[in-house]
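here is a sequence with its predicted model. Questions after.
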Amino acid sequence: MNRAHLSNELLYKIIKEKHNQLPTIMKEVGIDCWLIFARETASTPDPAMELAVGGEVVGKSAFVFSLKDGVLNKTAIVAYFDANATKKKGLWDEVIGCTEGIVEPMQQLFRTIDPSKIGINFSKSDVTSDGLTYGMYLILEEILSEMKDRFCSATPLIRALRGRKTPIEIELVTKACELTEEINRKIAPQFKIGMSEFDIQQLFFEEMEKQGVEEAWQRDCCPSIDAGPNKELGHDSPQKDLKIQKGHTLHNDFGVRLKGYCSDIQRMWYFGKEEDIPEELIHAFETVRDAIQRAADYIKPGVPAYMVDKQARDYVIERGYDEYMHSLGHQVGKQAHDGGVNLGARWKIYNGVTDLPVEENSIYTLELEVKTKHYGQVSLEEDIVVTKDGCRFLVPPQRKFITIE
């Protein structure tokens with residue numbers, strides 16, 4: 001039984017919850033009309049479709065959310081062969097099926113609603129808000145030529161809509177995290193001295209198949225398996241010539257897709273007795289563990305994202321390690337990397353996103369690594385949900401090396 005994908009019934013229930021969030025968000029960001037403009041979404045999907053529409057379309061389609069006097073109106077303009085499926089979802093106030101193209105219905109609708117700002121899906125900073133292709137943008141300029149000066153990026157709207165997880169979404173990500181930990185616990189007793197990274201990854205593939213779930217990101221590096229001191233951590237395929245040895249560590253970066261939602265967790269093992277773990281490794285592990293905890297203790301709604309990262313980054317440096325060269329955390333949801341605000345330093349690469357505030361009900365990873373002199377890298381990753389006054393871990397965080405004698 002495949003449990004990786006969300007049922008249509010639950011998908012549409014979540015989308016209705018997202019639609020209920022829209023009036024508040026649209027008012028906050030000052031966009032009174034949001035337009036998802038798409039075609040052939042099986043081959044060129046817009047990430048916003050899974051968030052607010054659900055399913056696929058073939059012909060050119062316009063999904064229009066307009067807000068007036070606090071009331072949200074939702075109209076789907078689609079090709080006639082997409083109309084019945086769109087109506088059956090029960091998501092729209094009006095579905096217009098077109099036999100001769102959508103130009104005239106779109107022009108008529110937009111003249112009627114006469115929005116002041118039309119949010120469209122392009123973004124320089126958020127990949128999940130950048131679903132409108134350049135070709136479709138040119139077509140849109142032609143159709144709404146009288147209003148193209150009202151176009152603006154829908155990034156702040158999509159960022160909030162995707163980031164503010166609903167209760168159902170939080171429950172689904174939590175269950176994905178719980179299953180990830182269950183699989184880790186089930187597979188670990190099968191680790192043996194002399195097994196290669198490749199052998200270990202195959203064990204995870206076999207268990208995922210039994211559980212009816214899929215990897216949360218590309219299969220060749222989910223899980224990412226890292227054995228011993230000579231492997232640089234990252235999104236890399238496991239090696240057949242790197243094998244478990246006594247006195248070495250094993251690291252994995254692993255997540256599953258369960259009912260359409262993902263987890264993203266890192267764990268570490270040590271092959272030997274707990275009392276034999278070298279002090280150098282203990283110091284490194286405690287540094288990573290405590291840096292994550294410091295960030296978790298600091299995070300709450302309203303704080304700038306970069307300040308959360310700073311709590312962990314400064315602590316790592318204080319403990320004598322080089323700073324990690326990535327953000328402390330990214331959002332998790334429908335994707336393992338779910339877009340929106342990330343918890344990173346104020347580097348130019350992030351285009352100001354890390355200056356934005358953390359929001360309640362966002363789900364983040366907290367992850368970092370340090371490099372030891374003799375034993376390679378030590379890395380952990382935990383998943384949290386931001387609460388009203390702090391955060392909570394979705395599964396208990398790893399507090400010490402898991403030893404395998």
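Arrived safely. Residues are numbered from 1 along each chain as shown.

spatially central, which residue of this structure would that be?
Among the residues of the chain, the one closest to the centroid is Asp338, at 2.2 Å (Cα atoms, centre = their mean).

please name the bridge partners of the closest residue to that one other than its chain neighbours.
The shortest distance from Asp338 to any residue other than its chain neighbours is 4.1 Å, reached at Gln331 (Cβ to Cβ, 6 or more residues apart in numbering). Glycine gets a C-beta too; all of them are placed from N, C-alpha and C. Bridge pairing for Gln331 (DSSP bridges) gives the partners Tyr364.

quick one: Gln331 and Gly163 touch, right?
Yes. The pair Gln331 and Gly163 passes the contact test of Cβ atoms under 8 Å, sitting 6.0 Å apart.

between these two, what contacts are shared?
Residues touching both Gln331 and Gly163 (Cβ atoms under 8 Å, 6 or more residues apart in numbering) are Asp338, Gly340, Val341, Ser362.

could you pick out the buried ones from those?
Buried members of these, scored by 16 or more other Cβ atoms under 10 Å, are Asp338, Gly340, Val341, Ser362.

quick one: the helices in the stretch 301-405 of the chain?
Assigned by DSSP state H, counting those that start in this stretch, the stretch 301-405 of the chain shows helices spanning 305-318.

ditto for the chain
Ranges of helices in the chain, per DSSP state H, are 8-29, 47-52, 80-88, 103-113, 134-143, 155-163, 167-187, 197-211, 279-298, 305-318.

tell me the most buried of those?
helix 155-163 (a mean of 23; mean count of other Cβ atoms under 10 Å).

touching that helix from outside, list them.
If you take Cβ under 8 Å, 6+ apart as the criterion, helix 155-163 is touched by 18, 21-22, 25-26, 28-29, 31, 34, 48, 51-52, 119, 121-123, 125-126, 128-129, 331, 333-334, 338-341, 356, 359, 361-362.

contact partners of stretch 200-219?
Contacts for stretch 200-219 (Cβ under 8 Å, 6+ apart): 1-4, 176, 179, 183, 186-187, 190-191, 222-223, 225, 227, 235, 238, 244, 250, 252, 254-258, 262-264, 335-337.

among the residues you listed, name the ones in strands.
In this view, the contacts of stretch 200-219 that belong to strands under DSSP state E are Ile225, Ala227, Leu250, Asn252, Phe254, Val256, Arg257, Leu258, Cys262.

looking at those residues, spot the one nearest Val71.
Cys262 (34.3 Å; Cβ to Cβ).

nearest spatial neighbour of that closest one, skipping sequence neighbours?
Looking at Cys262 with Cβ to Cβ, 6+ apart, the closest residue is Ala216, at 4.0 Å.

count of neighbours near the one you found?
25 (other Cβ atoms under 10 Å).

so how far is Val173 from it?
Look at Ala216 and Val173: by Cβ to Cβ, to the nearest Å, they are 10 Å apart.
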